[in-house]
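In: Please find the sequence and the predicted model below.
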Amino acid sequence: MPEANQLEIRNLSVAFADTDRDVVCLDAIDLTLHSGEILGLVGESGCGKSTLCRAILRSLRAPAYIASGRMMWKGQDLFELDEAALNRVRWREIALVVQSSLDALNPVMRIERQLVDAMRVHMRWTRAQELARCHELLEWVGLPRRILQSFPFEMSGGMRQRVVIAMALALEPQLLIMDEPTTALDVVTQAEILGRIRELQKEQNFSVILVTHDLPLALDFCHSIAVMYAGRIVEKAASRVLVHNPRHPYTEGLLQAFPRADERHAPHRGVPGDPACLTSLPGGCPFHPRCTSATGLCAKITPDLIVCDEHALACHHPRGVVPPHQDMRASKGAIPIRDRVQHRALQGVRL
């Protein structure tokens, strides 16, 4: 896998405006995506996975806004681009597959028109070239050519989702963001689609960000995994490392929640308790009320994301290793973004 950094996210925070106090849904995200890498984003619903994907494309809708951070795409900051420059990046260089196909397809337009829309904006192709590309895309996702004259409501949910995937691949983007792309597909079709995407990824060497709740699927499909909890990345490592050596208690719980073929009678413990509520997060580590290893330190100080041997971890009491050193003075002096974000104060720094 090439080591060139394609996407670098630094100190990214996203908040939702409120009348009293803004709610932070992404808190100081640091993430690097290498060229040709397949990165999986996993975590419970509401942890910020989809919000992160939309922040990359700057497609957040009010009341959401970017409170701080930088987003470097091939050396240029996406937050500094005007709308025209940003539109040249969207779909041509970075494409998104949304979770709900009904959110991406116009119900009163035929599929052919929707497939060629992006082509006409970014490419100067003839009608024959556009049609040939449509046929090629449908073949990739296993759909017959006749559906080009169909409307979205005439197709099943699985067929619509495959059309959305074909639309995202239309211009051979360098980064494909897939937000639960196979939700409406059966397991056989899911395996076929993801297998084909992996073949194309190897041929064209584009990068992929896969958002999913299916951790075993992510471990099988992705080169590396970033685990998110309550708007923060709590662990990131290569898939082959994470599957055998999860160091964060939350990651360990996610792995234990899925059955394994070699452990037919093993109990499924999962993660106890309920997901964190972003409007009333506990002090310190957001996961500590659900963690069996939590101590008083966990309730007072939020652990930093520390990288050691390409394994990033935010935990005071990691599994299987000596707890990382925390600079108590620095932790006491730092003010979390959740405590700094105020709606009125950030009016002048919104992007």
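Out: Good, I have the coordinates. Numbers count the residues shown, from 1 in each chain.

In: Quick check: phi and psi at Ser224.
Out: phi -140, psi 160 (degrees, to the nearest 10).

In: so who does it touch?
Out: Ser224 makes contact with 37-40, 236-239, according to Cβ atoms under 8 Å, 6 or more residues apart in numbering. For the C-beta atoms, the positions are set from N, CA and C on the backbone; glycine is no exception.

In: Now do it against Arg240, distance only.
Out: For Ser224, the distance to Arg240 equals 9 Å [Cβ to Cβ, to the nearest Å].

In: By mean pLDDT, flag the weakest helix or strand of this protein.
Out: When the helices and strands of the chain are scored by mean pLDDT, DSSP states H and E, helix 328-333 comes last with a mean of 34.

In: Return the residues in contact with the residue lying closest to Arg110 once chain neighbours are set aside.
Out: Nearest non-adjacent residue to Arg110, counting by Cβ to Cβ, 6 or more residues apart in numbering: Gln149, 5.6 Å away. Shown in contact with Gln149 (Cβ under 8 Å, 6+ apart): 110-112.

In: and what of Ala276?
Out: Here Ala276 is in contact with 229-230, 282, 286-287, 289 (criterion: Cβ under 8 Å, 6+ apart).

In: Turn the residues you listed into JSON lines, columns for distance to Arg21.
Out: JSON lines is the format used below for those (distance: Cβ to Cβ, whole Å):
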{"residue": "Tyr229", "distance to Arg21": "21"}
{"residue": "Ala230", "distance to Arg21": "17"}
{"residue": "Pro282", "distance to Arg21": "16"}
{"residue": "Pro286", "distance to Arg21": "17"}
{"residue": "Phe287", "distance to Arg21": "22"}
{"residue": "Pro289", "distance to Arg21": "21"}
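
In: Quick check: pLDDT value at the residue nearest to Arg110.
Out: Looking at Gln149, its pLDDT is 95.

In: Does Arg162 touch Glu192 like I think?
Out: No. Contact criterion Cβ atoms under 8 Å: Arg162 and Glu192 do not qualify, at 9.7 Å.

In: neighbour-wise, which of those two wins?
Out: Arg162 (27 against 16; other Cβ atoms under 10 Å).

In: still on that earlier bit, top of the contacts of Gln149 by number of neighbours, please.
Out: That'd be Ile111 among the contacts of Gln149, by other Cβ under 10 Å, with 26 neighbours.

In: how about that residue, what does it touch?
Out: Contacts for Ile111 (Cβ under 8 Å, 6+ apart) come out as 105, 147-152, 163.

In: Just the closest of the residues you listed to Val98, please.
Out: Leu105 (9.8 Å; Cβ to Cβ).

In: Quick one: residues contacting the nearest residue to that closest one once chain neighbours are set aside.
Out: In this structure, Leu105 finds its nearest non-sequential neighbour in Pro152, 4.3 Å apart by Cβ to Cβ, 6+ apart. By Cβ under 8 Å, 6+ apart, Pro152 lies in contact with 101-102, 105-107, 111, 160, 163.

In: And the strands in this protein?
Out: 5-16, 23-34, 38-42, 64-73, 76-77, 94-97, 175-179, 207-212, 224-229, 232-238, 306-308, 311-313 (DSSP state E).

In: can you redo those strands as CSV with mean pLDDT and distance to Asp274?
Out: Formatted as CSV, the strands of the chain follow (pLDDT from 0 to 100; distance: least, Cβ to Cβ, whole Å):
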stretch, mean pLDDT, distance to Asp274
strand 5-16, 91, 20
strand 23-34, 92, 17
strand 38-42, 95, 18
strand 64-73, 93, 23
strand 76-77, 91, 37
strand 94-97, 92, 29
strand 175-179, 94, 23
strand 207-212, 94, 21
strand 224-229, 95, 13
strand 232-238, 95, 17
strand 306-308, 87, 27
strand 311-313, 93, 23
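
In: a markdown table please, covering the ones you listed and showing distance to Leu86.
Out: Listed next are the strands of the chain as a markdown table, based on distance: least, Cβ to Cβ, whole Å:
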| stretch | distance to Leu86 |
| --- | --- |
| strand 5-16 | 15 |
| strand 23-34 | 18 |
| strand 38-42 | 22 |
| strand 64-73 | 10 |
| strand 76-77 | 10 |
| strand 94-97 | 10 |
| strand 175-179 | 14 |
| strand 207-212 | 18 |
| strand 224-229 | 24 |
| strand 232-238 | 25 |
| strand 306-308 | 30 |
| strand 311-313 | 29 |
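
In: so where is the stretch 201-350 of the chain shaky, pLDDT-wise?
Out: 260-268, 321-350 (pLDDT under 70).

In: if we go to 90?
Out: Within the stretch 201-350 of the chain, the ranges that satisfy pLDDT under 90 run 202-205, 213-217, 243-244, 253-280, 283, 292-293, 307-310, 319-350.

In: so which of the strands of the chain gets nearest Ala132?
Out: strand 94-97 (19.6 Å).

In: List the contacts of that closest one.
Out: In contact with strand 94-97 (Cβ under 8 Å, 6+ apart) are residues 53-54, 56-57, 59, 73, 164-165, 167-171, 173-179, 181.

In: Narrow these to those in helices?
Out: Residues of the contacts of strand 94-97 located in helices (DSSP state H): 53-54, 56, 164-165, 167-169.

In: Noted, bye for now.
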